[in-house]
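> here is a sequence together with a model predicted from it:
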Amino acid sequence: MNTNRQQRVLNVEENKVLKLHKVLRKDLSETEASNLSQTLQSFQAYIKARGLTARGPLITYTKTEVVDGNATLKTAIMSQVEAKPNTSVAYPYSYTEELRVPNCLYVRYNDNQDYLQIAYNKIGVYAFENYLNLTCSTYSIHLANGQTYMCDIFAEVIKDGE
């Protein structure tokens, strides 16, 4: 073990609430999700074309759905904006004045982006060890932190009785 390195720790916290205001969202097709760089550029262009200003970091939403034994991944990108859009927003875009997701597991990841999956795995292991069931919905808030990558992850927990 290299004693010159700082220990990496991912602390999972329970009962966190994700609260976002003035959220513009775009649901992604499989093609858009696989070509995320170009999709992000078109999303930013859409925001600008509507006369809006993005506020805060990019947020990605993922949900795993199982239908007839086949798993599919639903993906969306979101951004908080300074003001409500003046024109109507049509699919695949949507606008929500307030997005509130209660009862989440939360972890902050702050390291190399290549290992981000470890944070998602940690949430899954934590849920398993603590007899918690997840909805398979996660919200990832991508933050800038100089040379390293930082991401806040919120994973929605199924409430007892649901």
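Yes, it's here.
> list the buried residues for the lengthiest strand in the chain?
Secondary structure of the chain per DSSP state E: the longest strand is strand 93-111. Within strand 93-111, the residues scored as buried using 16 or more other C-beta atoms under 10 Å are 93, 99, 101, 103-107, 109, 111. All C-beta atoms are positioned from the backbone trio N, CA, C, and that covers glycine.
> am I right that Glu65 is in contact with Thr75?
No. Using C-beta atoms under 8 Å, Glu65 is not in contact with Thr75; the gap is 11.4 Å.
> the two: which is more packed in?
Taking other C-beta atoms under 10 Å, Glu65 and Thr75 do not tie; Thr75 has more neighbours (18 against 11).
> about what we covered before: can you add pLDDT and distance to Glu82 and give the buried residues of strand 93-111 back as JSON lines?
Converted to JSON lines, the buried residues of strand 93-111 look like this (pLDDT from 0 to 100; distance: C-beta to C-beta, whole Å):
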{"residue": "Tyr93", "pLDDT": "94", "distance to Glu82": "17"}
{"residue": "Leu99", "pLDDT": "97", "distance to Glu82": "16"}
{"residue": "Val101", "pLDDT": "97", "distance to Glu82": "22"}
{"residue": "Asn103", "pLDDT": "96", "distance to Glu82": "29"}
{"residue": "Cys104", "pLDDT": "98", "distance to Glu82": "26"}
{"residue": "Leu105", "pLDDT": "98", "distance to Glu82": "30"}
{"residue": "Tyr106", "pLDDT": "98", "distance to Glu82": "26"}
{"residue": "Val107", "pLDDT": "98", "distance to Glu82": "29"}
{"residue": "Tyr109", "pLDDT": "95", "distance to Glu82": "27"}
{"residue": "Asp111", "pLDDT": "90", "distance to Glu82": "31"}
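> what segments of the protein are helices?
30-34, 36-49, 117-129 (DSSP state H).
> now the first one: mean pLDDT?
In this model, helix 30-34 has a mean pLDDT of 92.
> ok, residues contacting it?
39, 73, 75 (C-beta atoms under 8 Å, 6 or more residues apart in numbering).
> just to revisit the earlier point, name the helices or strands packed onto the longest strand of the chain?
With contacts taken as 3 or more C-beta pairs under 8 Å, 6 or more residues apart in numbering; DSSP states H and E, strand 93-111 sits against strand 13-28, helix 117-129, strand 134-145, strand 148-157.
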